[in-house]
Structure formats: C-alpha cells, structure tokens
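Undergrad: Sequence isn't available, so here's the structure alone:
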C-alpha cells in the first residue's frame, strides 16, 4: 500500500471514529484534525508502515555489511604517527593499526573479529627501544 492510500485509510478511520462521538463537540473535532495531520506527516515520513504491505516490488532491503576504510596521521609537530586499516565482509572484520611509540618502537596490532571467534588480536612491537641518554652534571654553588 502506498503512502497516499495508507494516509487516506488512517484519515477515514479517524473520521469514522469522530462520527461515533458527539457531533457537536468542537474540541473533539479539533483533536481529530490534529491527529489526522500527524498521521499524514508520519506516513509521509515512513514512520507508520502498513504491516500487510508486500515488498515484492521493492527488492531485497538486506545486504550483508561491507566496508573498507583507512586513515593515516603523520604530524611532524607533535610526533604523532599512526595508521589504521579495516575491512568488513558480512560478520567478519579484520584490520591492522600501527602507532609509533615515544621510545622509537612501532606498535603493530593485527586483529580479526567475527560471531564465532570473537575479537582476536596479535600485537607486535617492532624496532629497538631507544632511550635518550641523560647526563648528570653537578652544580657548584
């Protein structure tokens, strides 16, 4: 059933309900007009659906989730260097993210997630940790 026919059906039901109420009650008429207006707006917005509507002519509304995304940051001012890549096919997600650590190493995380196995991650630390040398100097007073 299209929106126009559904709106007409709702309005007809509201008018028939009004006919059963006291015909001289102006307040009831005003309430019914407001309700009819709201019903028209809701059906036009797709909020109210005809439960018996056939979806055969609309095709399949379900499609398995699918996406691919990637981002990279390389901020020379702050030293923030990181990246993230992820793909999803249906219920299976996999990805990798990397982040440069303050000690000079790179944290690399490869992960997968699905209904059966949950979230699984393999974490690697790449490179050698470098710590700046601190020289102790004595101050003479």
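TA: In hand now; what should we look at? Here the structure is a predicted model, which is why all the values come from computation and not from measurement. Numbers count the residues shown, from 1 in each chain.
Undergrad: can you pull out the strands in this protein?
TA: In the chain, the segments counted as strands under DSSP state E are 66-75, 80-89, 92-100, 106-114, 118-126.
Undergrad: and this structure, what are its domains?
TA: As assigned by automatic domain parsing, the chain contains the domains 3-53, 66-126.
Undergrad: Under the pLDDT cut-off, which ranges of the chain? List them.
TA: Applying pLDDT under 70 to the chain flags residues 1-60, 140-141.
Undergrad: Just give me the neighbour total for residue 110.
TA: Per other CB atoms under 10 Å, the neighbour tally for residue 110 reads 14. C-betas here are computed from N, CA, C, even on glycine.
Undergrad: what about it, distance to residue 63?
TA: Counting by CB to CB, to the nearest Å, the separation of residue 110 from residue 63 is 27 Å.
Undergrad: Repeat that for residue 76.
TA: For residue 76, the distance to residue 63 - CB to CB - is 42 Å.
Undergrad: ok, and the closest non-adjacent residue to residue 126?
TA: Spatial nearest neighbour of residue 126, excluding adjacent residues (CB to CB, 6 or more residues apart in numbering): residue 106 at 4.3 Å.
Undergrad: Surely that neighbour touches residue 127?
TA: Yes: the pair residue 106 / residue 127 is scored as a contact, 5.6 Å apart, by CB atoms under 8 Å.
Undergrad: Appreciated, that's everything.
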